[in-house]
Each structure stands twice: as C-alpha cells, then as structure tokens.
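Asker: I'd like to go over a predicted model; first the sequence, then the structure.
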Amino acid sequence: HGTSRINDQGNLEIGGVDATELAAKFGTPLYVVDEALVRQKARQFVEAFQASGLKFQVAYASKAFCVMAMCRIAEEEGLSLDVVSDGELYTALQAGFPAGRIHFHGNNKSPQEIEMAIDAQIGCFVVDNFIELHMLNAIAAEKDAKVKVLFRITPGVSAHTHEYISTGQQDSKFGFDLGNGAAYRVIQEAKELSNIEILGVHSHIGSQIFETEGFRMAMEKTIGFATKVRDELGVTFKVVNLGGGFGIRYVEGDTPLPVAEYVKAITDGIQTHFSSHNYPIPEIWIEPGRSIVGDAGTTLYTVGTSKDIPGIRKYVAVDGGMTDNPRPALYESKYEAMLANRANEANEEVVSIAGKCCESGDMLIWDVNLPKVESGDILAVACTGAYNYAMSSNYNRIRKPAVVFVKDGQADIAVKRESLDTIVGLDVIPERLQKAV
Ligand code: LLP
C-alpha cells in the first residue's frame, strides 16, 4: 500500500527508499513514515468534505502520533488539530501550528493546561464535565477572555467495531449524558456564563469502525438534542463534531470503507437530518487519527535469536516489542509482517514474533507466514503509524526508536533515537545515597 513496493534488489522499498538501507543507516527498531501516504489520506478527507459544499474542519487527532514534523504536515494539508494534554499542545505550538485551529480535548484538564491554552488563543475547548466548565469560565474571566466551546456528549451509541450497543456508552468516563439530561443541563448552565461562547456539540462513538451506521445513529441523537435545545433554551449549534474512529486495514479480514464513503455518510446525514428539522446546517468537524497515520507507518526490526519447540511453535525474537508497539499486548491487536531484505522469497515457515522485554506477554505477532527466518533479517511490521510511537514506553529501560519520514527517495529524521543518557537523564541520586569519594 502507499508508496511501498518491492525493488529490483528484492527488498521492501518505502517512499522510494530501500528499507534495508534505512535499517543500516538509522538502526533498528525504526519507525518509518510514508509521508506521501499521510498526505494522501489527509487530502481524501478534505476533498470529500469539499465535495459536499458544507463548512467543515478535519482535525487530526494528534494522540495517534504527535511529533512536530507531523504537526507541520497536518498544517500544510489544511487540517486542524485535536490535542488532549499540555504535551500535545506544546508540541503543536513549538511546531508553529496555528493556535486557532487547535481543539483541546480531555476529561481532566488541569488549571495550568487551561491557562496555557487560553494564553495561546486556541480555537476551542471540548468541555467534558461540569467542573471543567466552571473552571474554564473562571480562568477565562481572570484573563478577560471569551472561550469557544463544544460540549462532549455521550449519545448512547457505542461502536464496537461491528456491533452497536445502544445504551452501553452511557457508562463512560467521558462527556455529558444525553439520556439522563446532563447534556441539557450543561447548556443551560453555560448559557449564563459570560466568558463562554457555545459553538456546539461533540461526540465520539469509538475507534476502528468499519461501518457508517454508528455515525448515522449519533447524528439522529444529535439533531434531536439540538432541536430541543434550540426550542427550549434558544441556543443554536453552529458546529457539530462527530469525532474520529474511521477504520483501517491492519490484516486480511479488516474491511474499512474508503474515506470518501465515511465522509459522504456524515455530510449526507447532517444535511438530511438538519434540513428536515428546519435547522441551519452546522459546520461539520471530524477528528480522524488512526485513518490518517495508521497505514503510513512501518516498523523495522532486526531479527535476533529464535527458539524452536518442535511440534509446538517457533519463536523469533526481534530487537523491539511491546515498548515500541504495546497494542498486541494491550488489545490483542493483529499485525502483518514481511522480511524487508527478502521480500521476493516465498513463505516457508510459520513463526511467532517475540519482543525483547522480560515478559511472556511481549509478543508482536502470533503465527505469521515468512520465508525461512535468520538472525540479521530485517522484519517489517506494517500499519504501525498510529498509537505505536505515541504509546511507546521505556519499560525495561529500553530506548525508544527513532522516527524517519520517507518521501521521493529521501529519508529524514523526525524523532531521534533515545540514547542511554536519555534513559538516565532525569534520574537523580539523592545525596545521602551517593557514594562517598
Ligand atoms: N476523537 C476523540 C475524542 C477520541 O477519543 C479519539 C480516539 C479520536 C478522536 C481518534 O480516533 P481514531 O480516528 O484514531 O480512531 N489506543 C487505542 C485507540 C484509542 C483511541 C482513543 N480515542 C488503539 O491503539 O487502538
């Protein structure tokens, strides 16, 4: 997919660069990002909205992969940015991302985070609960600012990839419940606050969604709520944000829709629902994360040891694992892999890919078909662009890999590899524990 192909040497090539050369030059494990594919996915979203003629914002959910280079690409592609912490906000601001296009999410924003965001003049806050609303109003008042807000509502729709549970989502740490009236009450309260400007509502029904049904249900609930709020409270929503969750193909059997189909279902749905209620068509915002960066990422590992248990299983260990990709251990996520240095060779054996952490659960892939694997081979695991680097850790004091962006035959470092000094960089030995000299 993307710009990946097998070159004349029989090696995997990404963005016009031979993956084995990337491994040799930058070391492994290595995250490789296919920049053209990221931009292509971003454009698919933007163009699908443009085709609808509606006003929109496509906010990249930076939690999926938030580094300064990625913020630059998001900006160049005309995306907005969804951040959920001071760290993500700081990354965006340091990259020069236009603050007015930043949306601040999160169910427990600290007063310091709120101050930082107001000072930076970000575009809007997605308010999650009553305490936040009043804190935000108070801090805004101190700063003589008026802040724009969306309210995160839980529409009682939860997408579990294929099936939808209609009330399950009520039991969530996020947002204001539609069913029990909390969502109505927060609009009532916010209306009276002089430093709050109500833009509209937000909902996010889940992640890795392969259908449009959940979005349709969320839109139905939203228009019902919007109409009630307009008629009874005199508040008209200018923005409806439907969150992210658009699925990607990790392995065979994953059946995401083309980006344009998700967007068309949303824009058609909004037009139909709001016009049938004589409601002015709001701006539509969405927040794709995984679907922008997920399949653009590939992780390269060097194969080290292996252990064959005849008749049972062959374990092949690589130089990374749950520290750079915790998703298999956390969610039993499935991945596909190939040997980057023998991309043309026929598969010969079924092996299981182990990481190097001192933990049995540190397995990247169970039962993958590969050519006869040898020490020194370069294993490429596909679709690691989202929630991999973003969720990486230093467990076992393993250093986080570097990230390179490849495009048109060029490879550039976007994040440097951690060093052993990075590992001890924040450690302090209290004086009473220091060795006497
Ligand atoms: N908007 C909100 C409010 C969200 O909570 C999320 C994801 C997104 C947008 C982006 O969703 P996406 O388009 O990426 O599906 N760590 C998990 C995924 C957690 C998603 C959390 N929220 C994983 O590795 O699968």
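Answerer: Sure thing, it's come through.
Asker: Would you mind giving the secondary structure of whatever residue of the stretch 101-250 of the chain ends up closest to the ligand?
Answerer: Residue of the stretch 101-250 of the chain nearest the ligand, by C-beta to the nearest ligand atom: G244 (2.8 Å). Backbone N, C-alpha and C define where each C-beta goes, glycine included. Put simply, G244 is coil when judged by DSSP: H, G, I helix; E, B strand; the rest coil.
Asker: so what's it scoring on pLDDT?
Answerer: Predicted confidence (pLDDT) for G244: 97.
Asker: Enumerate every residue touching it.
Answerer: Listed by C-beta atoms under 8 Å, 6 or more residues apart in numbering, the contact set of G244 reads A61, D82, H204, S207, I286, E287, P288, G289, R290, S291.
Asker: The third one contacts G245, correct?
Answerer: This points to H204. Yes - here H204 lies in contact with G245, judged by C-beta atoms under 8 Å, at a distance of 6.6 Å.
Asker: between the two, who's got more neighbours?
Answerer: Higher neighbour count among H204 and G245: H204, with 27 against 24, using other C-beta atoms under 10 Å.
Asker: Could I get the full set of helices for the stretch 301-437 of the chain?
Answerer: Secondary structure of the stretch 301-437 of the chain (DSSP state H, counting those that start in this stretch): helices at 327-331, 420-424.
Asker: List of residues touching stretch 267-283?
Answerer: The contact list for stretch 267-283, computed with C-beta under 8 Å, 6+ apart, reads 48-49, 52, 54-57, 200, 215-216, 219-220, 222-223, 226-227, 230, 236-240, 284.
Asker: Number of residues surrounding the residue of the stretch 251-400 of the chain found nearest the ligand?
Answerer: Closest residue of the stretch 251-400 of the chain to the ligand, C-beta to the nearest ligand atom: G289 (2.7 Å). G289 has 25 neighbouring residues, counting by other C-beta under 10 Å.
Asker: next SSE after the lowest-mean-pLDDT helix or strand in the chain?
Answerer: Every helix and strand of the chain was ranked by mean pLDDT, DSSP states H and E. The lowest is strand 163-165, at a mean of 57. Later in the chain than strand 163-165, the nearest helix or strand by DSSP states H and E is strand 176-177.
Asker: which other helices and strands contact that following strand?
Answerer: On a contact count with 3 or more C-beta pairs under 8 Å, 6 or more residues apart in numbering; DSSP states H and E, strand 176-177 meets strand 147-154, helix 182-191.
Asker: Now tabulate the ones you listed in a markdown table and tack on mean neighbour count and distance to the ligand.
Answerer: Listed next are the helices and strands packed on strand 176-177 as a markdown table, based on neighbours: other C-beta atoms under 10 Å; distance: least, C-beta to the nearest ligand atom, whole Å:
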| stretch | mean neighbour count | distance to the ligand |
| --- | --- | --- |
| strand 147-154 | 24 | 7 |
| helix 182-191 | 18 | 16 |
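Asker: who in the chain is up against the ligand?
Answerer: 61, 64, 82, 105, 204, 207, 243-246, 287-291, 327, 331, 386-387 (C-beta under 6 Å from any ligand atom).
Asker: are any of those buried, and which?
Answerer: Buried members of these, scored by 16 or more other C-beta atoms under 10 Å, are 61, 64, 82, 105, 204, 207, 243-246, 287-291, 327, 386-387.
Asker: Now the residue of the stretch 51-200 of the chain found nearest the ligand. Nearest residue, chain neighbours left out?
Answerer: Going by C-beta to the nearest ligand atom, the ligand is nearest to A61 of the stretch 51-200 of the chain, at 3.5 Å. Excluding its sequence neighbours, the residue lying closest to A61 (C-beta to C-beta, 6 or more residues apart in numbering) is G289, at 3.2 Å.
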